[in-house]
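Enquirer: Everything below, folded, please.
(one chain, ligands or ions: 3)
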Amino acid sequence: MTEPEFAPADAGSRPLWLVAQGDDGPLWPEGVECAFAKASGFAAKPGQICLLPGEGGVAGALFGVGKPATPADRPARERFTLARAAEGLPEGAWHLAGVPDSYNLAHGALGWLFAQYRFDRYKKAEPPRARLVCPAGVDREALLAMAAGEYLARDLINTPASDMGPADLEAAARDLAARHGASVEVISGEALAENFLMIHAVGRAAGPGRAPRLIDLRFPGDGPAVTLVGKGVCFDTGGLDIKPSASMLIMKKDMGGAANVLGLAETLARLGRAGGLRVLVPAVENAVSGDSFRPGDVLTSRKGLTVEVNNTDAEGRLILADALAYAAEEGPRLLVSMATLTGAARVALGPDLPPFFCDDDAVAEALYQAGRDHADPIWRMPFWEPYEAMIEPAIADLDNAPSGGFAGAITAALFLRRFAEGAGAYVHFDIYGWQPSAAPGRPKGGVGQGMRAILHALPRMA
Ligand code: BES
Ligand code: MN
Ligand code: ZN
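Expert: Ligands and ions are numbered 1, 2, ... in the order given. You can find the predicted model right below:
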């Protein structure tokens, strides 16, 4: 993984003025000669750059940040606008010389770091050209730790299943644990057949060396008992209910929940805030073979509840159920699951606004506000009790895929909640984990969702 970095403060950096749009044109920062910028058509539109000439080349630049959102807590049209400067300015170090009061500098600086992410495992990538000197007034360590967590999550998601099978995901978790002194326990293969039958059933058809496993990380130190569970489906073919090719194409990202909880653990550990944290990742490949689990099979979960498999493509909730039950047994104060769980969540809110489910209003409000304030938007959806009947089939306690598919994100969340009983509070995130087309700071490919919302809400949640 590459390390996120700011430019050293002493390097001869050039000034960059951020300019907001007023009702009658740009709100020029004091003392900046604007005749040249005006003449060249600079209107302070979001992302607009105006290079300022000086002796021997470019002396500085103006960067448009558009109009402030009104009211201020309303979602702006674009996040991480300053990432456009990272991508568009000439090579070298830049420092912020002027920033409008309305501009959120921490988001901007984080966006700049996000824009410098490269996935270069298989192809040489151009290194970042313009670098930012960390501006005064932002928490440098926190920004770097958040960017490092984001980079890790992106790397894990972007790596194809050929190099990111269950064993590779275990190796990545072990690396993370080694970096931060966490302990690791892994239950794999046939050892799952006793107490984690659903993880075993989903993962048993994968090829040699790709056996299913449950990865269990514990971080040393004091802190509230918080357990994060991430869906680690390294590739989702759908199983015998096989996906059509268009739907299967990006299913290397089906371990996005695992990538996000590991990325969040990386951030927390770097900030010295991981004490008491536990991370569980059920890691499997949902493959097709003579040994695949079948539609109609009835599985007995770790919790004892029986589950009728009505669709082998609803595999995420099966492996998460066993991991959640295991997590809930020790009664953590807060239990969080993150999973690329349903297509229905995308239909409801789109790829960029992950829903979360939580019965505790105070916890939900803390999460919503933290997401809003830290450029990591999320939206609450309900554990809608009246739909419980939809997940109760004829011949077993639970149904993994109710027919009809109505309220698919909710019925999946209700299914998971059955296994999370015993935790103080339970929160479930149904994330997409993928940037379908490039946006500022977020190149096409794996992306973190919900990590910063959880990070900043943690003190209010646990
Ligand atoms: N990993 C998929 C969900 C998914 C698909 C997330 C596309 C993001 C993008 C999950 O395992 C799945 O296949 N879910 C099914 C459930 C259905 C069979 C009840 C779905 O959503 O179609
Ligand atoms: Mn599936
Ligand atoms: Zn899946």
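
Enquirer: Please go through the chain and pick out the longest helix.
Expert: If you go by DSSP state H, the chain has its longest helix at helix 140-158.

Enquirer: now check that one, is it near ligand 1?
Expert: No. For a cut-off given as CB under 6 Å from any ligand atom, helix 140-158 has no contacts with ligand 1; the smallest distance is 11.8 Å. Bear in mind the C-beta positions are built from the backbone N, C-alpha and C, glycine included.

Enquirer: Give me the buried stretch members for that helix, please.
Expert: 142-158 (16 or more other CB atoms under 10 Å).

Enquirer: Verify the assumption that Met338 is located in a helix.
Expert: No. The assignment for Met338, made by DSSP: H, G, I helix; E, B strand; the rest coil, is strand rather than a helix.

Enquirer: Please save the CA atoms from the longest helix of the chain in CSV.
Expert: Once non-C-alpha atoms are left out, helix 140-158 reads as follows in CSV (Å, rounded to 0.1, in the frame of the first residue of the first chain):
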residue,chain,number,x,y,z
ARG,A,140,-3.0,16.4,10.2
GLU,A,141,-2.7,13.0,11.9
ALA,A,142,-6.4,12.3,11.7
LEU,A,143,-6.5,13.2,8.0
LEU,A,144,-3.5,10.9,7.2
ALA,A,145,-5.0,8.1,9.3
MET,A,146,-8.3,8.4,7.5
ALA,A,147,-6.6,8.4,4.1
ALA,A,148,-4.5,5.4,5.0
GLY,A,149,-7.7,3.5,6.0
GLU,A,150,-9.3,4.5,2.7
TYR,A,151,-6.3,3.5,0.7
LEU,A,152,-6.2,0.1,2.4
ALA,A,153,-9.9,-0.5,1.7
ARG,A,154,-9.5,0.5,-2.0
ASP,A,155,-6.5,-1.7,-2.5
LEU,A,156,-8.3,-4.7,-1.0
ILE,A,157,-11.4,-4.2,-3.2
ASN,A,158,-9.5,-3.4,-6.3
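
Enquirer: Which other helices and strands does the helix or strand just after that helix contact?
Expert: For helix 140-158, the following helix or strand on the C-terminal side (DSSP states H and E) is helix 166-180. Applying 3 or more CB pairs under 8 Å, 6 or more residues apart in numbering; DSSP states H and E, one finds that helix 166-180 contacts helix 140-158, strand 183-188, strand 213-218, strand 232-236, helix 256-270, strand 277-286.

Enquirer: Need the ones you listed in JSON lines (columns: mean pLDDT).
Expert: As requested, these are exported to JSON lines (pLDDT from 0 to 100):
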{"stretch": "helix 140-158", "mean pLDDT": "98"}
{"stretch": "strand 183-188", "mean pLDDT": "98"}
{"stretch": "strand 213-218", "mean pLDDT": "99"}
{"stretch": "strand 232-236", "mean pLDDT": "99"}
{"stretch": "helix 256-270", "mean pLDDT": "99"}
{"stretch": "strand 277-286", "mean pLDDT": "99"}
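
Enquirer: of all those, which lies closest to Met248?
Expert: strand 232-236 (7.5 Å; CB to CB).

Enquirer: contacting residues around Ser301?
Expert: Leu197, Met198, Val307, Leu318, Ala321, Asp322, Ala325, Phe419 (CB atoms under 8 Å, 6 or more residues apart in numbering).

Enquirer: can you pick the most crowded of those?
Expert: Met198 (31 neighbours; other CB atoms under 10 Å).

Enquirer: how near is it to ligand 3?
Expert: 14 Å (CB to the ion, to the nearest Å).

Enquirer: My understanding was that that residue contacts Glu308; is that so?
Expert: No. Taking contacts as CB atoms under 8 Å, Met198 lies outside contact range of Glu308: 12.0 Å.

Enquirer: would you turn the helices and strands packed on helix 166-180 into TSV with distance to Phe114?
Expert: Shown next, in TSV, are those (distance: least, CB to CB, whole Å):
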stretch	distance to Phe114
helix 140-158	6
strand 183-188	29
strand 213-218	25
strand 232-236	24
helix 256-270	12
strand 277-286	23
